[in-house]
Each structure stands twice: as C-alpha cells, then as structure tokens.
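Undergrad: Predicted model and sequence follow; I will ask about them next.
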Amino acid sequence: MSRSEKTDGASNRWERGTVVRVGLLYSTTGYAAAEETSIRQGAILAAEQINEQSDSLGFQLELVLSDYESDSTQAGRNAVDLLARDRVDVLVGGYTSASRVAIVAATEHLDCAYIYPTYFEGLEIQPNVLYTGAVPNQYFETYLRWIFETLGKKIYVIGSDYVYPRALSVMIQTLVQTAGAQIVADRYVPLGTPDLKHIAQEICELQPDVVISNLVGVDSLRSLYQEFHRAGLDSGKLPIAATVTTEFEVSEIGAEYVQGHYMVSTYFGSLTNAANESYVASLKHRFGDATVPHVAQVCAYNAMWVLAEAMRDCAVPTPSAIKHALKSASFDGNPEGWPLVMRENQHSTHGSYIGVAEGDGSYTVVMTIPPCDPDPYPPSIVPAEKRPPAT
C-alpha cells in the first residue's frame, strides 16, 4: 500500500495564491531507506525555501510524501495513487533508474508531469518526463577517458544488476576499444547485495589497474570497500573509480576505507561557490550539523527549484502547462556551481567534477568537466541511424 503524509514544512501557511501539490517519491523503508531519506531532505529544504517566497511567487508547494519501500514495482503503484487518489499536480522523485522505469510505465497513459531528478544512463526521452539530472555525455565519457589516461587500461567492472550499471558497461565496452584498454571482468550483483568478499578475492587474482564501480546502495558499497581494504588492496596502486560513492555513502562505509579512491559527480559538498555554501549552511541548519550534503540530494533540491521557476510561467498547474514551462526553465542557484538550464529534449545542462576521497569523508576535485548540453543518446553507443528524431 502507498504510504502518504503531508510535511509540516510545506503546509498551507498562506491563505492566498495557488497551491501546487507535489507527489514526492522516495523510500524511507527497505534497503535504500538511508540514501533516499537523505535525498528527500534536499527536496523538502527547497520546498520550504520556495514557500518562504510564496507571496512574491504567487503560489506555494504542498508536498505529499510517498514511501515506495525500496521496491521499484511499488514505486509505479504509488505514483498512480498520488495522481488518482491524492490528486497531485506533479510527481518528483524515484532514485534508481529501476524506480524511474516503473513510474514511467505505470503513468505513461496518464496526463501527468513527472520530474526525475537523479543523474542516470540517458537513452530515454518520455513525453511525461523532465530530466533534471545529468546524462553520460556530461559526466561519464570524459571520466572514462581520464581513467584510461591516468589510472590504467586494465579494467575490472562491477555494478548492481539493473539498467544503469548495465548501460554504463556498454559505454565502457565501446570506449575501451578506442582507447586500447582491456576489460578483465564485468560483474553484476543484485541491488542491496551485502557480501562482496568474492568480488574482492577475484580482484586480487586478476590484478587490474583500476576497478570501475557502478554499484548502487550502501550495503553493497560498504562490503566492496571494506573487503577491498581487508584484502590488502591499496588505493594508491589499485584505485576504485566510482560513479555512485557519494559523501553520504562514504559516511556510511567509513572514510578510512574510501580514502584515495575516486568518484565522478556533478556535485561535491566541498565545492566553494556561493550557492553551495548557502545550500550546505541551510541544509545543516534545517536537518542538523551531522547531515551530509551529496549529489543525489542536490539533484532533488534542484528539481524542486526548477519546478518553482517553471511555475512562474503557468497560469494554472495543469500537466501540459507544467511540462511546457519546464522545457524552458532554469535555476541560477544550483549548488553545482553553474546555472541548470532545461533544454527542448527535456534534459538539462550540467558540468561535472572528478574527485579523490579524503580521510575526512570529503572529496577534493582533481578535474573539472565544463558544462555542456545534454545528449541522452551518445554517439559513442547510438549510431546516427538509430537515434530518435529531435524533439
């Protein structure tokens, strides 16, 4: 069953103005509860900030929280409940691509607007969906080239067994050929797998130059990094280059196990720009000093602000009006360090950073990837004749 509740921070505090009901889909139970509860904080913070400006904006946001219990199939059912029963005007959320796919499948025949905040594998443009997170041409392709040039060309790939890691693996396989690199193993484990001792043992046996990790979830990541350490593997000689080991995961794993390993991200909490400094201060003031800022959380924060900017151009919060306005919305206060601009292909502009993990759980940026327009169908793996028509 769907679990829904209103948040105190986005309640009806103003008697005048339009109320926009937002269905917020994140798990607070199940294997992904820790990550997704933390991610949801970014969306709640943004909603509260937006509602503080309600008088000037002319509308306020009312959040309806929905826990899909770390079950992607349940995410689809909850999305339908939010639209049909709770009468929300727009859906926001879903963390993994598995949850997004389920939400899209359950709602594709409905008249609705859905904002997917998380960076992902691309390869999708759905009519009801606006994608405010990055796609691989904005973070992953340059990261791979940097890995081959800097860390080595003998590659071990490990990922969770669903669409995001498998799609990135196809990109790795393609770019390995042009770089003259070699994949010594390409392994997948079910989401939430808590014991990866056998993976660490195989890495010891194969001795790659670098491990590319597309694992998702604290339980799997904790096991990978801790078993890696216990096996005597050294980040200085055999680093892990990850796409989903954010500062939140580092805080759950233990910084001593992740120190010296790498991560690519559109955001790190250590970024020194005015928008991020304001974001971090507001986040910790609202949720406590121990709260860890990280990329997926900032993605949720940005999604809410992009929605708010789009609503300025909506006379009424209908799905068609919201989707139309979102296609040209932008948010200058992006903590990533540059404006987030929506494009006609329903995706958004982003730059990225490659960081090395420090002993205090933060990342130090070692390379900045400049912002670029989104291409959800990268030419490296999608030939021109197979690309969908331009939107």
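TA: Thanks, I have the structure now. Numbering: from 1, shown residues only.

Undergrad: The host helix or strand of Glu62 pairs with which strands, and in what direction?
TA: Using DSSP states H and E, Glu62 maps to strand 59-67. Strand pairing for strand 59-67, determined by DSSP bridges: strand 3-6 (antiparallel), strand 18-25 (parallel).

Undergrad: following the last one, which helix or strand shows up next?
TA: So the one you mean is strand 18-25. helix 33-52.

Undergrad: Which positions within that next one qualify as buried?
TA: 33-36, 38-51 (16 or more other CB atoms under 10 Å). C-beta: built from backbone N, CA, C; applies to glycine.

Undergrad: what do you get for stretch 363-383?
TA: Buried-residue list, stretch 363-383, by 16+ other CB under 10 Å: Tyr363, Ile369, Pro371, Pro374, Asp375, Pro376, Tyr377, Pro378, Ser380, Ile381, Val382.

Undergrad: same question, stretch 293-313
TA: 293-311.

Undergrad: returning to what we had before: and the buried residues of stretch 363-383 as TSV, adding pLDDT and secondary structure?
TA: Shown next, in TSV, are the buried residues of stretch 363-383 (pLDDT from 0 to 100; DSSP: H, G, I helix; E, B strand; the rest coil):
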residue	pLDDT	secondary structure
Tyr363	98	strand
Ile369	98	strand
Pro371	98	strand
Pro374	97	coil
Asp375	96	coil
Pro376	96	coil
Tyr377	95	coil
Pro378	85	coil
Ser380	77	coil
Ile381	81	coil
Val382	87	coil
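
Undergrad: and which of the residues you listed is nearest Gly351?
TA: Pro371 (3.8 Å; CB to CB).

Undergrad: what's the distance between the residue nearest to that closest one when sequence neighbours are not counted and Val170?
TA: Once flanking residues are discounted, Pro371 sits nearest to Gly351: 3.8 Å by CB to CB, 6 or more residues apart in numbering. As judged by CB to CB, to the nearest Å, Gly351 and Val170 stand 24 Å apart.

Undergrad: So for these two, which residue has more residues nearby?
TA: Shown here are Gly351 and Val170; by other CB atoms under 10 Å, Gly351 has more neighbours (18 against 14).

Undergrad: Tell me who's in contact with that one.
TA: Neighbouring residues of Gly351 by CB atoms under 8 Å, 6 or more residues apart in numbering: Gln138, Thr266, Glu336, Gly337, Trp338, Thr368, Ile369, Pro370, Pro371, Cys372.

Undergrad: Now, those residues that are in strands?
TA: Under the assignment DSSP state E, the contacts of Gly351 contribute Thr368, Ile369, Pro370, Pro371, Cys372 to strands.

Undergrad: and those residues as JSON lines, adding distance to Pro208?
TA: Below are these laid out as JSON lines (distance: CB to CB, whole Å):
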{"residue": "Thr368", "distance to Pro208": "27"}
{"residue": "Ile369", "distance to Pro208": "24"}
{"residue": "Pro370", "distance to Pro208": "30"}
{"residue": "Pro371", "distance to Pro208": "32"}
{"residue": "Cys372", "distance to Pro208": "30"}
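
Undergrad: Looking at those residues, point me to the pair that's furthest apart.
TA: Most distant of these, by CB to CB, are Thr368 and Cys372, 12.2 Å apart.

Undergrad: lowest-confidence stretch among the strands paired with strand 59-67?
TA: Note on these: lowest mean pLDDT is at strand 3-6, with a mean of 44.

Undergrad: picking that back up, any idea of the mean pLDDT for the helix or strand in which the residue nearest to Pro371 is found?
TA: Assessed by DSSP H and E, Gly351 sits inside strand 350-357. Average pLDDT, strand 350-357: 98.

Undergrad: do stretch 97-115 as well
TA: So the average pLDDT for stretch 97-115 ends up being 96.

Undergrad: And Ser282, which helix or strand is it part of?
TA: helix 274-287.

Undergrad: for that helix, which positions count as buried?
TA: Ala275, Asn276, Tyr279, Val280, Leu283.

Undergrad: If we only consider those, which is nearest to Pro117?
TA: Nearest to Pro117 out of these is Tyr279 (CB to CB; 14.7 Å).

Undergrad: Grab the nearest non-local neighbour of that closest one.
TA: Pro335 (4.1 Å).

Undergrad: Against Val264, how distant is the one you found?
TA: Distance from Pro335 to Val264, by CB to CB: 17 Å.

Undergrad: per-domain residue ranges of the chain.
TA: 3-134+272-350, 137-270+353-386 (automatic domain parsing).

Undergrad: rewinding a little: please name every helix or strand in contact with the helix holding Ser282.
TA: The elements that helix 274-287 packs onto, with contact taken as 3 or more CB pairs under 8 Å, 6 or more residues apart in numbering; DSSP states H and E, are helix 33-52, helix 295-311.

Undergrad: Contacts made by that helix with the rest, please.
TA: Contacts of helix 274-287 (CB under 8 Å, 6+ apart): 41-42, 44-45, 48-49, 267, 269, 291, 293, 297-298, 301, 332-337.

Undergrad: and if we set it to 6 Å?
TA: Contact partners of helix 274-287, identified using CB atoms under 6 Å, 6 or more residues apart in numbering, comprise Gln41, Leu45, Thr291, Pro293, Gly333, Pro335.
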